[in-house]
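Asker: For reference, the sequence and a predicted model appear below.
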Amino acid sequence: MTTPPPAPADQAPEHPEAVEATGEALRSVLRDLPAPVVVVTARTADGPRGATIGSFVSVSLDPPLVSFNVTHGTRLHDALGETDVWAVHLLSAEQAELAAHFAVPDLDGLKQLAPFPHLNVAPGPPLLRGTLGVLRCRPRAHVEAGDHTVWIAEVTGIVEGAGSAPLLYYRQSYRGVGGEV
């Protein structure tokens, strides 16, 4: 006689309680899920623009595609629609200050870049230095999704960077990676 396998340790109670699925309830539960932190930059006729993004994800390896979400009405949202070359900067754990700075809304693009080492490669997007790497991208598709647009970008070039730990966003603060489990 075989013994049945034990129930999963995280098995839900027989009658789980649920709360209404509001934006705030979703935000609250997702705080327990760490997210990578990137800065996306672009350059338009009005100059450079960048923003911190916490929704970055790899979509496909063949072709190489990535995606991220941007809130409607932001300067970066407008800039992404005006240009065909973007840069996605993979931030290291030492770049929390940079991430916080690029998260400040309504900063002029030049003021965003001024405190941090970067390359101006006009007409392309500015490239931040000291990152884990930079993905040069071109837009492939976008989908309107509630108050955001999901941008899908094809990676056309990769600039390798420092081989250090990534920056994560977890429980409303920037964090590094913990020990292996």
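Answerer: All right, it came through fine. Residues are numbered from 1 along each chain as shown.

Asker: Can you spell out which helices and strands pack onto the worst-scoring helix or strand of the chain on mean pLDDT?
Answerer: Least confident helix or strand, the chain: helix 23-30 with a mean of 88, by mean pLDDT, DSSP states H and E. If contacts are counted by 3 or more C-beta pairs under 8 Å, 6 or more residues apart in numbering; DSSP states H and E, helix 23-30 sits against no helix or strand. C-beta: built from backbone N, CA, C; applies to glycine.

Asker: Can I get that helix in PDB? Just the C-alpha atoms.
Answerer: These are the backbone C-alpha positions of helix 23-30, laid out as PDB (Å, rounded to 0.1, in the frame of the first residue of the first chain):
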ATOM      1  CA  GLY A  23      -6.400  48.200  -7.500                       C
ATOM      2  CA  GLU A  24      -5.300  48.900  -4.000                       C
ATOM      3  CA  ALA A  25      -5.900  45.200  -2.900                       C
ATOM      4  CA  LEU A  26      -3.900  44.000  -5.900                       C
ATOM      5  CA  ARG A  27      -1.100  46.500  -5.100                       C
ATOM      6  CA  SER A  28      -1.000  45.200  -1.500                       C
ATOM      7  CA  VAL A  29      -0.700  41.500  -2.400                       C
ATOM      8  CA  LEU A  30       1.900  42.200  -5.100                       C
END
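
Asker: And the contacts of the helix or strand following it?
Answerer: With elements assigned by DSSP states H and E, the helix or strand that comes after helix 23-30 is strand 35-36. Outside of strand 35-36, the residues within contact range by C-beta atoms under 8 Å, 6 or more residues apart in numbering are 54, 55, 56, 90, 166, 167, 168, 169, 170.

Asker: number of nearby residues for the fourth one?
Answerer: Summarising burial for residue 90: neighbours were counted as other C-beta atoms under 10 Å, giving 21.

Asker: want to throw the contacts of strand 35-36 into a markdown table with secondary structure?
Answerer: Output for the contacts of strand 35-36, formatted as a markdown table (DSSP: H, G, I helix; E, B strand; the rest coil):
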| residue | secondary structure |
| --- | --- |
| 54 | coil |
| 55 | coil |
| 56 | coil |
| 90 | strand |
| 166 | strand |
| 167 | coil |
| 168 | strand |
| 169 | strand |
| 170 | strand |
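
Asker: What strand or helix carries residue 17?
Answerer: Using DSSP H and E, no helix or strand contains residue 17.

Asker: Kindly apply the preceding question to residue 21 instead.
Answerer: Using DSSP H and E, residue 21 sits within no helix or strand.

Asker: What distance do you get for it to residue 27?
Answerer: 11 Å (C-beta to C-beta, to the nearest Å).
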